[in-house]
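K.L.:
sequence unknown, structure follows:
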């Protein structure tokens, strides 16, 4: 203490509790606090919170998307398995049907062949019979001619035919 | 009073920059003024307002600028420090105060580099911050323990501790203020002495010393001051956690 010069430019004591400095420092500190709080702290915290929220929501969205993708994959796997089974079923059915058809075709062919054979045999038999009958007629004519020549006489037609039949039967048996 | 350290070397208190005669009757003629320390604080305030404004504007959720990275780093630094020293409860309310105090304190110290008077070399300034600490401690004790708990805390752990506890309540903030004040004033005194001793050869050497006393010491002391504020308040918390 003991300072008496009051004009501006004079100095205070080196160690001096000055109430006006205390009041001004208090006000200044409060202002700095407000400046820091509202110009820096609050905007930064707002951004940090927004970022945190964004990250959380994006992570959640990613998890949801993954779950969805897994569900879709499972569905596709199931469908794929199903269609594979279906395809196998179709193939085996086709094979089975083809086998049946094969057998059927073979059976039909065999049947047809048998029929043709039978028909052919029948027609051969018929031709044979026809030929035999023709031959019979010719032979009977020849025999009649020959016997007329041999006997030089007419024999009754009935006797003649009886003779011819007998002859034919003999010929037929040989 | 000016401290006479050498025959011709004197170191003086802060200037009475703007006299406030209307306060003469209340504070006395000598103290009725705006001191140099307060004027320097205003410069610091302007600088901090500009810096905070530039750092804090136009922030994006997806950071694009180094400016935003710096802003986030600063805020996260104080948040983290307050959370580790004081706990999560105090983070919301104390991080801005500690951040503001640290910025104010460190920039005040750095004003010495520009030839301005370091406000923290004025005990009235550091004392003000210590008074704030004192009231924060008082409030925390009453908030967590109630008025009864606060009164009871003076006779704990043993009744004969009463005088020590009372002294402790005042000694902590006073020592805190004196530490910051003493460090910065001594830096100023030593700097002045070096200049005085080197005379016209004062090249390089004062710069190196100034690097320590103004820069390194400023950062360390500001940090210590803030840490002490946090730990005093945290220690005052009587709620069981």
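P.N.:
Everything's here; your move. Source: prediction; values computed, not measured.

K.L.:
Would you mind measuring from the residue most central in space within chain A to residue A:94?
P.N.:
Central residue check for chain A by Cα atoms, centre = their mean: the C-alpha nearest the mean position is that of residue A:87, 4.2 Å away. In this structure, residue A:87 and residue A:94 are 10 Å apart, going by Cβ to Cβ, to the nearest Å. For the C-beta atoms, the positions are set from N, CA and C on the backbone; glycine is no exception.

K.L.:
and what of residue A:121?
P.N.:
Going from residue A:121 to residue A:94 by Cβ to Cβ gives 40 Å.

K.L.:
Could you list the residues in contact with stretch B:128-143?
P.N.:
With Cβ atoms under 8 Å, 6 or more residues apart in numbering or on different chains as the contact definition, stretch B:128-143 has outside contacts at A:21-22, A:25-26, A:29, B:101, B:105, B:149-150, B:153, B:169-170, B:172-174, B:176-177, B:180, B:225, B:228-229, B:232-233, B:236-238.

K.L.:
Buried only: go through the residues you listed for me.
P.N.:
By neighbour count, with 16 or more other Cβ atoms under 10 Å in any protein chain shown, the contacts of stretch B:128-143 hold A:21-22, A:25, A:29, B:101, B:105, B:150, B:153, B:169, B:172-173, B:176-177, B:180, B:225, B:228-229, B:232-233, B:236-238 as buried.

K.L.:
Now intersect these with the helices, please.
P.N.:
Secondary structure defined by DSSP state H assigns A:21-22, A:25, A:29, B:101, B:105, B:150, B:169, B:172-173, B:176-177, B:180, B:225, B:228-229, B:232-233, B:236 of these to helices.

K.L.:
where do the helices sit along chain A?
P.N.:
Taking DSSP H as the test, the helices found in chain A are A:19-35, A:42-151, A:157-173.

K.L.:
Now the weakest link among these, please, by mean pLDDT.
P.N.:
By mean pLDDT, the lowest-scoring of the helices of chain A turns out to be helix A:157-173, with a mean of 79.

K.L.:
Centre-most residue in chain B?
P.N.:
For chain B, the residue nearest the mean C-alpha position is residue B:105 (4.7 Å; Cα atoms, centre = their mean).

K.L.:
Secondary structure element holding the nearest residue to that residue once chain neighbours are set aside?
P.N.:
Excluding its sequence neighbours, the residue lying closest to residue B:105 (Cβ to Cβ, 6 or more residues apart in numbering or on different chains) is residue B:222, at 4.0 Å. For residue B:222, the element it lies in under DSSP states H and E is helix B:217-236.

K.L.:
buried sites along that helix?
P.N.:
Taking 16+ other Cβ under 10 Å as the basis for neighbour counts, the residues of helix B:217-236 that come out buried are B:217-218, B:221-222, B:225-226, B:228-230, B:232-234, B:236.
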